[in-house]
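Asks: Return a 3D structure for these sequence lines:
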Amino acid sequence: MSYRLVPCLIVALLAVAPAQTFGLTTIADYNVNFQGPVPATGWKYQWNSGGVIGNNANYTNLLFAAADNRYDSNGLPGLPDPDPAAFVLLNSTGGHPGRGSTQAGGLDRYAIAAYTVQAGQQGSLVLTNAFAHKPSTSAGNTDVEVYVNNTLIRKFDSFPAGVVAPLNMQLGNVNVGDTIYVAVGPDGSDGSDSFNLDFTVAGVGNQTKKVADYRDNFTTGTFPTGWKYQWNSGGVIGNNANYTNLLAAGSDYDVDGIPGRPGPDPGAFVFLSSTGGHPGRGSAQAGGLDRYAIASFTVTESGDYAITDSFVNSIDLAGNGGDVFIHVNSGGVLGRYFFTANGQNFNFDTFLGALNAGDTIFVGIGPDGLDGEDSFAFDFSVTQIFSVTQIFSIPEPASLSLLALAAGALGVRRRSRV
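Replies: So this is what the prediction gives:
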């Protein structure tokens, strides 16, 4: 059996995250994967027999003691083993460190659970459902350290008996062959230092949240929140100072808001509907400029964004073709995609980069020189992208005593081994 923090405590320990599914993928689980006489793939159970913690050249594998279903320094029944290992062990629910620096050997001797990342498991990794806990009957303090290879990720120094050390944390980008070490030591003196331990290594890529969708959000009569439907009446595409709002005309938006088309040149047939639209005149016709039908959306939250789930289909193309022109504010083109064949269907998914709240994304579809039966169907989403840092923030251990109070108030739950 092992103990885990209840979900509400885990939430309390993490920074508030955006409202989207995290989609963590379990890679390895200490409790579930524990086995003997040979550890499961990727796992090692070790102690720092050869020197200080934090240098994996100092680590030695523990040996399986079948009679006790544990790993210890010599694999034989009974403890203590010879100093400085003494009571060092790992079992399915936790373990015990070896001697402390004030005892034999002058170093704190840690029980170390190690997992090496296998092929296909690399990427942004985290520890989740992770904790170390010393029962209130234990004496002295304990130290917990987490490393990737020999890089210290997090240290909980001198946490006392009865306190839960929350080990949920970001590990960063971890490669195949890198090893994650979770080490529990005696913090100077080994004295009844049994501990409970569990953690899951999980993968999490960039997570996304759809914040807007052209077709889903389209409304008639008035623009939906965040959206405008426009055309470049005043000059070239790419400078939003040149854009004029289209006007509601029944179920569509067009240049003059009056039923029937064409409207006055150079707008002519420009319109947007719930499923697509039509550009205005081309540069070879009235006005000397390509006139675009433009859908724009203004973001309300700073972050990384992309155009996703997009497509355009040239339904009855008879002119020179058309193009999709994407920009943010007046910062220059971020994506431009040309279509030249009737019935051509393609996506224009584009990474937009970091945007600030209030920035506006513009997607314009134009005639590419000559307007000639250039109706199009299209759709796209505006998607915010969250990095692992944003969705799995590392809590600062300002007060382990506060965490202990939280653990005491909320309790812990048991999980049966599979």
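
Asks: which residues of the stretch 151-300 of the chain fall in helices?
Replies: 214-217 (DSSP state H, counting those that start in this stretch).

Asks: low-confidence ranges in it?
Replies: The model of the stretch 151-300 of the chain has pLDDT under 70 over residues 158, 205-206.

Asks: Who are the packing partners of the host helix or strand of I27?
Replies: Assigned by DSSP states H and E, I27 belongs to strand 25-29. Packed against strand 25-29, as judged by 3 or more CB pairs under 8 Å, 6 or more residues apart in numbering; DSSP states H and E, are the following elements: strand 195-203. To be clear about C-beta, it is placed using only N, CA and C from the backbone, and glycine gets the same treatment.

Asks: Which neighbouring elements make contact with the strand it packs on?
Replies: Using 3+ CB pairs under 8 Å, 6+ apart, strand 195-203 is in contact with strand 2-5, strand 25-29, helix 30-33, strand 94-96, strand 111-116, strand 123-133, strand 179-185.

Asks: For S233, give me its contacts.
Replies: 242-244, 255, 266-267, 291 (CB atoms under 8 Å, 6 or more residues apart in numbering).

Asks: Narrow those to just the buried residues.
Replies: 242-243, 255, 266-267, 291 (16 or more other CB atoms under 10 Å).

Asks: mean pLDDT for the helices and strands packed on strand 195-203: which is lowest?
Replies: Least confidently modelled of the helices and strands packed on strand 195-203 is strand 2-5, at a mean of 28 by mean pLDDT.

Asks: hang on, the earlier thing: given the strand holding I27, what are its sheet partners and their directions?
Replies: When pairing is defined by DSSP bridges, strand 25-29 lines up against strand 195-203 (antiparallel).

Asks: Show me the domain layout of this structure.
Replies: 2-205+396-411, 209-386 (automatic domain parsing).

Asks: Looks like V255 contacts G277 (just checking).
Replies: No. The pair V255 / G277 is not scored as a contact, 11.5 Å apart, by CB atoms under 8 Å.

Asks: Could you name every residue contacting both of the two?
Replies: With CB under 8 Å, 6+ apart, V255 and G277 have common neighbours 270-271.

Asks: From F376, how far off is W227?
Replies: 18 Å (CB to CB, to the nearest Å).

Asks: and if you look at L167?
Replies: L167 is 53 Å from F376, by CB to CB.

Asks: One more: S310?
Replies: From S310 to F376 the distance is 12 Å (CB to CB).

Asks: which residues touch F351?
Replies: Contacts of F351 (CB under 8 Å, 6+ apart): 304, 306.

Asks: Relative to W227, how far out is it?
Replies: From F351 to W227 the distance is 21 Å (CB to CB).

Asks: Tell me who's in contact with N240.
Replies: Listed by CB under 8 Å, 6+ apart, the contact set of N240 reads 296, 329-330, 360, 362.

Asks: repeat that for 6 Å
Replies: N240 makes contact with S330, according to CB atoms under 6 Å, 6 or more residues apart in numbering.

Asks: quick one: G287 and G267 touch, right?
Replies: No. Using CB atoms under 6 Å, G287 is not in contact with G267; the gap is 9.3 Å.

Asks: related to what we said a few turns ago, just the residues contacting the strand holding I27, thanks.
Replies: Taking CB under 6 Å, 6+ apart as the rule, strand 25-29 contacts 115, 121, 200-203.

Asks: beta partners for G364?
Replies: Assigned bridge partners for G364, using DSSP bridges, are I294, F325.

Asks: Tell me how many other residues crowd it.
Replies: 24 (other CB atoms under 10 Å).

Asks: Look at it and report its pLDDT.
Replies: Residue-level pLDDT assigned to G364 equals 96.

Asks: need the contact list for it.
Replies: G364 makes contact with 237, 292, 294, 325 under the criterion CB under 6 Å, 6+ apart.

Asks: close enough to count as contact, G105 and A85?
Replies: No. Between G105 and A85 there is no contact under CB under 6 Å: 9.3 Å.

Asks: can you tell me how far the closest residue in space to R70 that isn't next to it in sequence sits from V144?
Replies: In space, and not counting its chain neighbours, R70 is closest to N91: 4.1 Å by CB to CB, 6 or more residues apart in numbering. In this view, N91 and V144 are 17 Å apart by CB to CB.

Asks: Likewise for L79?
Replies: For L79 relative to V144 (CB to CB), the value is 21 Å.

Asks: Those two: which has the busier surroundings?
Replies: V144 (22 against 17).

Asks: Give me the spatial nearest neighbour of the more buried one, chain neighbours excluded.
Replies: F156 (4.3 Å).

Asks: likewise P224?
Replies: Distances taken as CB to CB, 6+ apart put N217 closest to P224, at 4.5 Å, once the chain neighbours are dropped.

Asks: doesn't F223 make contact with that neighbour?
Replies: No. Using CB under 6 Å, N217 is not in contact with F223; the gap is 9.4 Å.

Asks: what's the neighbour count on Q384?
Replies: 22.

Asks: Please read the previous query as pertaining to N150.
Replies: Residues near N150, counting by other CB under 10 Å: 13.

Asks: Please apply the same query to N56.
Replies: N56 sits with 17 neighbouring residues when counted by other CB under 10 Å.
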